[in-house]
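1. Provided below for reference: sequence and predicted model.
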Amino acid sequence: FAVSGAFVGIRARLDIFGVVFVSVITAFGGGILRDILMGSFPPSVFGNPAMFSIAVLSAIVVFVISYMNRSEFSRFVEKTEYIKQEK
């Protein structure tokens with residue numbers, strides 16, 4: 001979930017802090033939803049502080065990789081926008 005949140009933040013042209021924030025919120029929300037649907041109470045996000053670190057690290061890795069490959073990432077974004085417009 002953190003990676004998908006990072007992609008959304010990058011497509012919205014947020015800076016590193018915005019990407020990390022969106023990524024962590026997405027990861028926590030997705031993890032909480034998963035745990036509730038599986039019947040796991042309390043959700044594991046609240047019992048394991050390492051989850052926050054993993055979400056932040058994932059967001060930073062995605063941000064750095066997309067920054068280093070800006071031209072390829074922009075082509076990817078253009079292609080996905082074109083597919084959305086066709087639907």
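-> That came in fine, so what should we check first? Numbering: from 1, shown residues only.
2. residue ranges of the helices in the chain, please?
-> 2-11, 16-38, 44-47, 50-68, 70-86 (DSSP state H).
3. tell me the most buried of those?
-> Ranked by mean neighbour count, the helices of the chain are led by helix 2-11 with a mean of 20 (mean count of other Cβ atoms under 10 Å). In short, each C-beta sits where N, CA and C put it, glycine included.
4. on that earlier part again, now the helices of the chain as CSV including mean pLDDT?
-> Formatted as CSV, the helices of the chain follow (pLDDT from 0 to 100):
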stretch, mean pLDDT
helix 2-11, 89
helix 16-38, 91
helix 44-47, 80
helix 50-68, 91
helix 70-86, 69
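5. which residues does stretch 24-34 contact?
-> In this structure, residues lying in contact with stretch 24-34 by Cβ atoms under 8 Å, 6 or more residues apart in numbering are 1-2, 4-5, 8, 43-45, 51-52, 54-56, 58-59.
6. and Pro42, backbone torsions?
-> For Pro42, the backbone dihedrals (degrees, to the nearest 10) come out as phi -70, psi 160.
7. contacts only, for Ser44.
-> With contact taken as Cβ under 8 Å, 6+ apart, Ser44 is in contact with 31, 35, 51.
8. any idea how far it is from Glu72?
-> Spatial separation of Ser44 from Glu72 under the definition Cβ to Cβ, to the nearest Å is 35 Å.
9. ok, for Phe41, nearest residue in space, not its chain neighbours?
-> Asp35 (7.5 Å; Cβ to Cβ, 6 or more residues apart in numbering).
10. contacting residues around that neighbour?
-> In this structure, Asp35 makes contact with 41, 43-45, judged by Cβ under 8 Å, 6+ apart.
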